[in-house]
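Visitor: Need coordinates for the below:
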Amino acid sequence: MIGGISVTQLLILLVIVMLVFGTKRLRNIGSDLGSAVKGFRKGIEDEPEEQEPEKITKAEKTAEAPQKKEEKTTASKPSDTDV
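Guide: Below you'll find the predicted structure:
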C-alpha cells in the first residue's frame, strides 16, 4: 500500500492508461521523459560557477559594449504611440 493506494488499484489504473494512450505512445512518452531528465541533470552538473567581477576578460567586456549602444539607439527612436 503506497499512500492509501493498493496494488490492485495501481494495476487497474495502469490498464486504463494503456487503453487510453496505447503502448506505443506510452513508450514514446517514457523515452521523452527520460531524455528530459538526463538533459536536466547534465545541465545542472555543467552549470558554470559565477564569475567574480575582477575575473571578467576583455572579450566579455567588448561583447557587452555593442549591446548597450543598440539599446540606447532603440530607446531614442520615437514609437507610434508617442506621436
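
Visitor: So what touches the strand or helix carrying residue 31?
Guide: Element membership for residue 31 (DSSP states H and E) is helix 23-45. With CB atoms under 8 Å, 6 or more residues apart in numbering as the contact definition, helix 23-45 has outside contacts at 17, 18, 21. In this view, the C-beta of every residue, glycine as well, is placed from N, C-alpha and C.

Visitor: Out of the residues you listed, which sit inside strands?
Guide: Secondary structure assignment by DSSP state E places none of the contacts of helix 23-45 in strands.

Visitor: Any chance of a markdown table for these, columns pLDDT?
Guide: Below are the contacts of helix 23-45 laid out as a markdown table (pLDDT from 0 to 100):
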| residue | pLDDT |
| --- | --- |
| 17 | 91 |
| 18 | 91 |
| 21 | 89 |
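
Visitor: Show me those that map onto helices.
Guide: 17, 18, 21 (DSSP state H).

Visitor: List the buried residues in the helix holding residue 31.
Guide: By neighbour count on 16 or more other CB atoms under 10 Å, the buried set for helix 23-45 is empty.

Visitor: let's have the chain start at 635 instead
Guide: Let's use 635 as the start, then, which means that last one is helix 657-679.

Visitor: Quick check: mean pLDDT of that helix?
Guide: Helix 657-679 shows a mean pLDDT of 91.

Visitor: Dump it to PDB, keeping only the CA atoms.
Guide: C-alpha atoms of helix 657-679 as PDB (Å, rounded to 0.1, in the frame of the first residue of the first chain):
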ATOM      1  CA  THR A 657       1.600   1.100 -25.600                       C
ATOM      2  CA  LYS A 658       3.500   2.900 -28.400                       C
ATOM      3  CA  ARG A 659       2.500   6.300 -27.200                       C
ATOM      4  CA  LEU A 660       3.400   5.400 -23.600                       C
ATOM      5  CA  ARG A 661       6.800   4.200 -24.700                       C
ATOM      6  CA  ASN A 662       7.400   7.500 -26.600                       C
ATOM      7  CA  ILE A 663       6.300   9.500 -23.500                       C
ATOM      8  CA  GLY A 664       8.600   7.400 -21.300                       C
ATOM      9  CA  SER A 665      11.600   7.900 -23.500                       C
ATOM     10  CA  ASP A 666      11.000  11.600 -23.900                       C
ATOM     11  CA  LEU A 667      10.600  12.000 -20.200                       C
ATOM     12  CA  GLY A 668      13.800  10.000 -19.600                       C
ATOM     13  CA  SER A 669      15.800  12.200 -22.000                       C
ATOM     14  CA  ALA A 670      14.400  15.300 -20.500                       C
ATOM     15  CA  VAL A 671      15.600  14.200 -17.000                       C
ATOM     16  CA  LYS A 672      19.000  13.300 -18.400                       C
ATOM     17  CA  GLY A 673      19.400  16.700 -20.100                       C
ATOM     18  CA  PHE A 674      18.300  18.500 -16.900                       C
ATOM     19  CA  ARG A 675      20.800  16.600 -14.800                       C
ATOM     20  CA  LYS A 676      23.600  17.300 -17.300                       C
ATOM     21  CA  GLY A 677      22.600  21.000 -17.300                       C
ATOM     22  CA  ILE A 678      22.800  21.200 -13.600                       C
ATOM     23  CA  GLU A 679      26.200  19.400 -13.400                       C
END
